[in-house]
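> Could you look at this predicted model? Sequence included:
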Amino acid sequence: MNKNKNTYWKTNLKYLAILLAIWFTVSFLFGIVFAEYLNQFMLGGFPLGFWFAHQGSIYAFVILIFVYVYLMNKLDKKYDVDEL
Amino acid sequence: MVGITFLIYIIIAIVARAGSTKEFYVAGGGVNPIANGMATAADWMSAASFLSMAGLIAFMGFSGGQYLMGWTGGYVLLALLLAPYLRKFGKFTVPDFIGERYYSKNARLVALICALFVSFTYVVGQMKGVGVAFARFLNVPFDTGVLIGIGIVFFYAVLGGMKGITYTQVAQFCVLIFAFTVPAIFISLQMTGNPIPQLGFGSKGTDGVYLLEKLNLLSKDLGFDSYTSIDRGNLVNMFFITGALMFGTAGLPHVIVRFFTVPRVKDARISAGWALLFIAILYTTAPAVAVFARTNIINTLSNKSYDEVPQWFTNWENTGLLSFEDKNNDGKIQYLADAQLNELTVDRDIIVLANPEIANLPPWVIGLVVAGGLAAALSTAAGLLLVISTSISHDLLKNYLRPDISEKGELYAARVAIAVAVVAAGLAGLNPPGFVAQVVALAFGLAASSFFPAIILGIFDKRMNRQGAMSGMIIGILFTASYIIYFKPQLGGPGLQENFWWGISPEGIGTLGMILNFGIALVVSRLTPPPPKEVVELTERIRTPRGAEAPTGQAH
């Protein structure tokens, strides 16, 4: 039972690491640090760096949360720790 | 229009009366996740988000992204790192968690004082916003506006506690989101033929040129920076401010407590998703509103003859928030970046409110926007007041001073506390210290540098003990508060901008304070005895969802 809980937790941490890496990338990296570089590419009428800072990162945030919910619901079921 | 919305709030308050401490503090723990998402969104979006942010962005261009990302990104942190575990923990407040996880009455007290400070400063700003909104649009004096605002919040908060507040926030969300997006859709349609503002501001205007390209050119012609270009000298500061806002969001007590009101752990997770989705509707529309407004202002006013200005210009000129000074006596309005030659001054706060007028929308739309702004201010104020009252009745009274107080006694104390808090906030709002906005920056910085690390380490680091957490919190708070006070003349500080560390302004220092907190907490905890076995077991127990009970005020 305990070993299962350990694997459950480790998998949770893995998900968190990946999702938070994406979170950091779309906002701090694409939207700030590399924004000037990205601005040379256009997304429709938007310079790309500007788009990430003013629009794209926010969409990514919403998607990240719903992806996390989906993954965790599956994980909870798999390790039999989900709520009844 | 405004009156109708107020009537709705009052009816909800009567229907959602609270009958127990569980209902007063966490709405009985049975709030539907989507409803909770709407309430959280309304709680989050204050008068500042609604009225001022688009105006800020209109004048900042690219750098405005720090607010857009900063005030949304924190929800990812909440959903992934905090909400589910705190819900499993199953108590009523943040000081509850800190007090029990760090097995220390002193830790609870420190958390309590921080929560009170953060929430109270925030709410004073909201009361001021309420007064201003009433004053400008309903032709009542500012003071009367604040009093009306206090009265309404008093009624549904004292009666319903978290239950009343939550359901009124749901209604307020509907009002504010409608009020913000409807004018934006109309204007987007007018200027680009596309009714979706998020797509509209990236498309071509009626003259066939991409709107942003045009705005960039117009801005440069007048001597301003290109709207979408990056301000290289400000990048470090932008990075730190975005961070302070994101981590601060995830450390604000009035936001965290929203996740205690849902039935299960999985509801806490998805409720954060819904909350961000609803928040994102406004936050992705705001940059569009900013672009439309700025373009419109330049197009309709720059180099035009003062005698031919549209009606909205004169209306706003009468409020003093828009002014024209013909420095070169040519009868035309020169709107330029050069401060010496510039003749047009526009207060950033009027952008959202003036937008419907500039676009020639009917007057009822303007009434709607006012109702929206008030909904935003009232919903945020109510959430904050609840945290204040809970801190006093639950954390201070029940868990610190008078543990024998009965449930009825505690509920009564909670009602009295919120009544007093409403009145105090109202009075402070009537005489706001001039530096309310700076103090809100302090609130975010403190939340980022004190609560956020303490909670995160409490959940993810089993070895984190009382000594580590306390040292981290205290050093984090002291560092951040000192830096902010030192560099803010409005708070009495002597510091000068050129002495900022690495160019980081006070609004961004919370990120550094947070890092300091983490570092110190980790080091100190390893140098001192580990936490007791029951606490380690508690930490392990909150890691799995099954077994989440309804929230309770009693110790586990």
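All right, it came through fine.

> Quick one: the strands in chain A, in order.
Along chain A, counting by DSSP state E, strands occupy A:42-43, A:46-47.

> Repeat that for chain B.
B:322-324, B:344-346.

> of those strands, which approaches chain A most closely?
Among the strands of chain B, the nearest to chain A by CB to the nearest CB is strand B:344-346 (20.8 Å). C-beta: built from backbone N, CA, C; applies to glycine.

> Summarise which helices and strands that closest one is packed against.
When contacts are defined as 3 or more CB pairs under 8 Å, 6 or more residues apart in numbering or on different chains; DSSP states H and E, strand B:344-346 sits against strand B:322-324.

> Name the residue of chain A that lies nearest to chain B.
residue A:53 (3.1 Å).

> Present the strands of chain B as JSON lines; the columns should include mean pLDDT, mean neighbour count and distance to residue B:390.
As requested, the strands of chain B are exported to JSON lines (pLDDT from 0 to 100; neighbours: other CB atoms under 10 Å in any protein chain shown; distance: least, CB to CB, whole Å):
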{"stretch": "strand B:322-324", "mean pLDDT": "82", "mean neighbour count": "17", "distance to residue B:390": "42"}
{"stretch": "strand B:344-346", "mean pLDDT": "83", "mean neighbour count": "17", "distance to residue B:390": "41"}
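
> count of neighbours near the residue of the stretch 1-150 of chain B found nearest chain A?
Proximity of the stretch 1-150 of chain B to chain A (CB to the nearest CB) peaks at residue B:65, 3.1 Å away. The number of residues packed near residue B:65 is 28, by other CB atoms under 10 Å in any protein chain shown.

> repeat for residue B:321
16.

> Quick check, pLDDT for it.
At residue B:321, the model reports a pLDDT of 73.

> wait, it sits on residue B:349?
Yes - between residue B:321 and residue B:349 there is a contact under CB atoms under 8 Å: 7.0 Å.

> what's around residue B:487, how many residues?
22.

> Contacts only, for it.
Contact analysis of residue B:487 by CB atoms under 8 Å, 6 or more residues apart in numbering or on different chains lists B:493, B:495, B:496, B:497, B:499, B:500, B:505, B:506.

> Which one (most neighbours) among the residues you listed?
Highest neighbour count within the contacts of residue B:487, by other CB under 10 Å: residue B:506, with 23 neighbours.

> If we ignore the residues flanking it in sequence, what's nearest it?
residue B:484 (4.2 Å; CB to CB, 6 or more residues apart in numbering or on different chains).

> returning to what we had before: mind listing what the nearest residue to the residue of chain A closest to chain B once chain neighbours are set aside touches?
Nearest residue to residue A:53, sequence neighbours excluded (CB to CB, 6+ apart): residue B:65, at 3.1 Å. Shown in contact with residue B:65 (CB under 8 Å, 6+ apart): A:31, A:32, A:50, A:53, A:54, B:238, B:242.

> Could you work out the end-to-end span of stretch B:327-346 for me?
16 Å (CA to CA, to the nearest Å).

> Return the set of buried residues in that stretch.
B:332, B:333, B:334, B:335, B:342, B:343, B:344, B:346 (16 or more other CB atoms under 10 Å in any protein chain shown).

> swap in stretch A:39-54?
A:39, A:45, A:46, A:47, A:48, A:49, A:50, A:51, A:52, A:53, A:54.

> Lowest-confidence one in those?
Among those, pLDDT bottoms out at residue A:45, giving 88.

> Please name the residues that touch residue B:536.
B:462, B:530 are the contacts of residue B:536 under CB under 8 Å, 6+ apart.

> one more time with 6 Å
residue B:462 (CB atoms under 6 Å, 6 or more residues apart in numbering or on different chains).
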